[in-house]
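S.K.: Just to be clear, the model below is a prediction. Sequence and coordinates:
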Amino acid sequence: MNRRELIKLGAGAVASGFASSGAGADSGSAKSNSVEQWGLFEFEAQGPASGNPFVDVTFGARFTLDHRSVEVAGFYDGNGVYKVRFSPDTVGSWSFATTSSARELTGHIGGFDCIAASAGNRGPVGTAHQFHFQYADGTPYFPFGTTCYSYAFIGEPLDQTTLENLRQAGFNKVRMCLLPKPLGQRKPVAMPFERIGSAQQENLADDSESQEKFDLTRFNPAYFQHVEQRIQELMAANIEADVILFHPYDAWGFKSMGEEADDRYLRYAVARLSAYRNVWWSIANEYDLVKSKSMKDWDRFFRIVQESDPYGRQRSIHHSRVVYDHSKPWCTHASLQEYDFDKSSERLAAWNKPIIYDEIQYEGNIARRWGNLSAEEMTYRFWRAIVNGVYATHGETFMSTDGEPVWSDAGRLRGTSAARITFLRKLVEATGTTGLFAAESPYYMNAGNPGERCLYYFDYHCVGEYEFPLPETGRFKATMIDPWAMTTAPLPGTFAGKSKITLSGKPYMAVLFEKA
């Protein structure tokens, strides 16, 4: 039987650019038999509902194209429903066959056509040129993200307010927790595990401990379905979802579940979410504040995620005080809580990977020193990151009098740095290059691509004129940039070699040279 015939037999399989669902294999007609490259194909089957299917039943499928096969783990989605998701990276006719410890879930066969990606679908993000990123189709990707820790579980209307603000602001990556955190006067939309007993869900402050108890062997599919909807909405907006798997801001004991429960949770999360092309994995936020875990635990978590994820999504871990060894092979890039960008060159040399300074403090007005940066300072830090050949992530912590959470959880964007950050993103994206490389020992900070372009940033220096050491070969056009006013002004003529140019004499200005 060829794959075209298998496709016709693939009843219950549904495919689309995002998520889809179906009903039992081999017993009806498929709702769809095509999925675009890097889209999501989902197969659904009925199986055992008694006992504890999360623990008692294994389920998955082998997807095959020509001589290549990919093993993918499935998951139990409640009410006797089992699902397996697959994101094809190659155009062609794929077939699949299910495997399971349950007889009724074993041996379902089917297939689908993987067609060319539609406009806007550039595939997943991967690393490129050692220190930078690009989409699977080769389009450069510059991570200009923000932080919305509670976006996945905060619920309506704030989740939609968050999404709309993200679209308007122009951020292209969001750091978001998978496990819930306290929300003060609000409650998470659900909890990730089944409750034990009759204790009711509580309103909790960040340092509170809940009296609720949970069965850590039984996931709550409704919780994860809600998270998946948020991830799909981000994908539709071309925003990467940097999913934080563990964190210390916990009131329910999820940060200290024990090895068996930890590992089961990770495998379940990867089985459910890895097929979404915009998913990244952050093993933890401030991992060193989770005192119940050892370094061996964190290394094991990395290995589990790496081994369970058939697509090799981006993987990192974020620290508070103790920097993780990002040279370990399972880290795809470094995620730092620092803003000492002048140390980037030695870190790049030590780790040989891209660096994202994922927490550079927050624009805001709260009492804590880390949460009251001015918009000017936040903008300044993003520019310093770029001219040091690395990347930064935004966050906000403004006091709220209307009951909305601060932006670092979710909600409405209140600061004024976001527009300036997006101006910088569009500026570097317009260069068409995959990343800018910092100059070695520069007199003034600059980064670029030798012989092609160079971006100078003068930070607090009030430079009235400067003789730029441009290459002797080739001619370059120059553009004056005001990062705060978000303006550009091309200079007349072209330049080569030592070129003295009159500047504004104002601080925080920039100049971009590009090959004419």
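M.R.: Structure received.

S.K.: Would you mark the buried spots in stretch 446-464?
M.R.: For stretch 446-464, burial by neighbour count (16 or more other C-beta atoms under 10 Å) applies to 446-449, 453-458, 463. C-beta here means a position set from N, CA and C on the backbone, and glycine is covered the same way.

S.K.: Closest one to residue 368 out of those residues, please.
M.R.: residue 457 (28.3 Å; C-beta to C-beta).

S.K.: can you pull the contacts of residue 439?
M.R.: Residues near residue 439 by C-beta atoms under 8 Å, 6 or more residues apart in numbering: 445-448, 454.

S.K.: measure it to residue 65 for me?
M.R.: Separation of residue 439 from residue 65 (C-beta to C-beta, to the nearest Å): 45 Å.

S.K.: and residue 222, what element?
M.R.: If you go by DSSP states H and E, residue 222 is part of helix 221-236.

S.K.: which outside residues touch that helix?
M.R.: With C-beta under 8 Å, 6+ apart as the test, helix 221-236 has contacts from 18-19, 76-78, 151-153, 155, 159, 163, 166, 174, 176, 178, 189-192, 240-241, 243, 268-269, 272-273, 276-279.

S.K.: Quick one: residues contacting the residue nearest to residue 480 when sequence neighbours are not counted.
M.R.: Excluding its sequence neighbours, the residue lying closest to residue 480 (C-beta to C-beta, 6 or more residues apart in numbering) is residue 489, at 4.4 Å. Residue 489 sits next to 479-481 when contact means C-beta under 8 Å, 6+ apart.

S.K.: Quick one: those as JSON lines, columns for pLDDT too.
M.R.: Listed next are the contacts of residue 489 as JSON lines, based on pLDDT from 0 to 100:
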{"residue": "479", "pLDDT": "98"}
{"residue": "480", "pLDDT": "98"}
{"residue": "481", "pLDDT": "98"}
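
S.K.: which among the residues you listed end up buried?
M.R.: Among the contacts of residue 489, the ones that count as buried by 16+ other C-beta under 10 Å are 480-481.

S.K.: and which of the contacts of residue 489 is nearest residue 216?
M.R.: Nearest to residue 216 among the contacts of residue 489, with distances taken as C-beta to C-beta, is residue 481, at 52.7 Å.

S.K.: Touching, that closest one and residue 511? I think so.
M.R.: Yes: between residue 481 and residue 511 there is a contact under C-beta atoms under 8 Å: 6.6 Å.

S.K.: Okay, now the unreliable bits of the protein?
M.R.: Residues of the chain meeting the criterion pLDDT under 70: 1-32, 198-208, 403-407.

S.K.: Quick test: name the residue nearest the centre of this structure.
M.R.: Residue closest to the average C-alpha location in the chain (C-alpha atoms, centre = their mean): residue 242, at 2.4 Å.

S.K.: Cross-check the contact I'm expecting between it and residue 172.
M.R.: No: counting by C-beta under 8 Å, residue 242 sits too far from residue 172 to count as a contact (10.8 Å).

S.K.: any common contacting residues for those two?
M.R.: In contact with both residue 242 and residue 172: residue 145, using C-beta under 8 Å, 6+ apart.

S.K.: Keeping just the C-alphas, turn the host helix or strand of residue 111 into CSV.
M.R.: Using DSSP H and E, residue 111 sits in strand 109-115. Taking Å, rounded to 0.1, in the frame of the first residue of the first chain, the C-alpha atoms of strand 109-115 are listed here in CSV:
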residue,chain,number,x,y,z
ILE,A,109,-2.4,3.9,10.2
GLY,A,110,-2.9,7.0,8.1
GLY,A,111,-1.1,9.8,6.3
PHE,A,112,-1.2,13.3,5.0
ASP,A,113,0.4,15.5,2.4
CYS,A,114,2.8,18.1,3.7
ILE,A,115,2.5,21.1,1.4
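
S.K.: So which elements touch that strand?
M.R.: Strand 109-115 sits against helix 3-9, strand 13-16, strand 34-36, strand 92-100, with contacts defined as 3 or more C-beta pairs under 8 Å, 6 or more residues apart in numbering; DSSP states H and E.
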